[in-house]
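K.L.:
Everything below, folded, please.
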Amino acid sequence: MRWFTGIIAATGVIVSLYFGSAYAALSDLVEAAQQADGKRLLARTDTASLKRSVVEQIVNAYLDRVQETRNPSQAERFLAYTVGATIADALVAHAVTETGLHRMLAEGKFITDQQGAASLSLPRLAELDLDRIRALISRLHLITPVEMSVRIGRDGEADAATAIRLHVHGLGWKLSGLELSPEILRNLAARLPVR
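P.N.:
Numbering: from 1, shown residues only. Here you go, the predicted structure:
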């Protein structure tokens with residue numbers, strides 16, 4: 001019976017460390033956003049994963065837009081994932097810099113041009129309330145054992161729902177993705193040329 005109690009205690013410690021480290025990383029991201037600390041936000045971000053996640057969403061939204069009028073061929077899909085990804089990558093490149101992350105997570109502005117003049121509004125990570133643990137848990141979604149998402153923004157706004165993704169990186173967690181709302185994705189996909 002003692003070994004069973006030991007297993008339960010060890011499991012409890014592991015689960016506490018797992019969620020505790022995720023909470024610490026999220027807390028640091030929120031604090032950096034509140035302090036408008038772009039350098040700290042960049043240090044807490046896996047920029048390649050973040051860029052890839054947003055580009056994939058834009059290309060998928062583009063293909064959904066094309067499917068509204070016709071069924072794209074396999075060749076068109078391939079082109080969308082290659083050429084479209086290159087164009088989408090250029091749209092996203094400004095958002096995953098120190099300044100872009102600051103504007104996106106602290107100010108709630110997704111920058112879509114090099115000058116920083118064109119932007120789309122999204123929920124601000126800086127407004128996430130970490131003191132209300134029960135509400136925070138309801139925003140949490142475990143994707144895999146090494147990745148989770150946290151919904152940001154107001155409850156009940158399905159079309160404006162946005163979430164950040166965190167993944168295990170070394171002994172901690174890093175921002176690895178941004179799940180954009182359907183409204184923002186439609187807007188970004190509309191910037192890609194339709195054939």
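K.L.:
Show me where the chain has its strands.
P.N.:
109-111, 119-121, 140-144, 147-152, 162-169, 172-179 (DSSP state E).
K.L.:
Select, out of those, the one closest to residue 80.
P.N.:
strand 172-179 (20.0 Å; Cβ to Cβ). For glycine as for every other residue, the C-beta is placed from the backbone atoms N, C-alpha and C.
K.L.:
want to throw the strands of the chain into JSON lines with mean neighbour count?
P.N.:
Listed next are the strands of the chain as JSON lines, based on neighbours: other Cβ atoms under 10 Å:
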{"stretch": "strand 109-111", "mean neighbour count": "23"}
{"stretch": "strand 119-121", "mean neighbour count": "16"}
{"stretch": "strand 140-144", "mean neighbour count": "12"}
{"stretch": "strand 147-152", "mean neighbour count": "20"}
{"stretch": "strand 162-169", "mean neighbour count": "20"}
{"stretch": "strand 172-179", "mean neighbour count": "22"}
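K.L.:
Tell me which of these sits nearest to residue 74.
P.N.:
Here strand 172-179 is closest among those (Cβ to Cβ), at 26.9 Å.
K.L.:
Tell me which other helices or strands the closest one touches.
P.N.:
helix 2-34, helix 47-67, strand 147-152, strand 162-169 (3 or more Cβ pairs under 8 Å, 6 or more residues apart in numbering; DSSP states H and E).
K.L.:
remind me which residues of the protein are low pLDDT?
P.N.:
Within the chain, the set of residues satisfying pLDDT under 70 comprises 112-119, 155-160, 193-195.
K.L.:
Run a quick neighbour tally on residue 51.
P.N.:
Using other Cβ atoms under 10 Å, the number of residues around residue 51 comes to 19.
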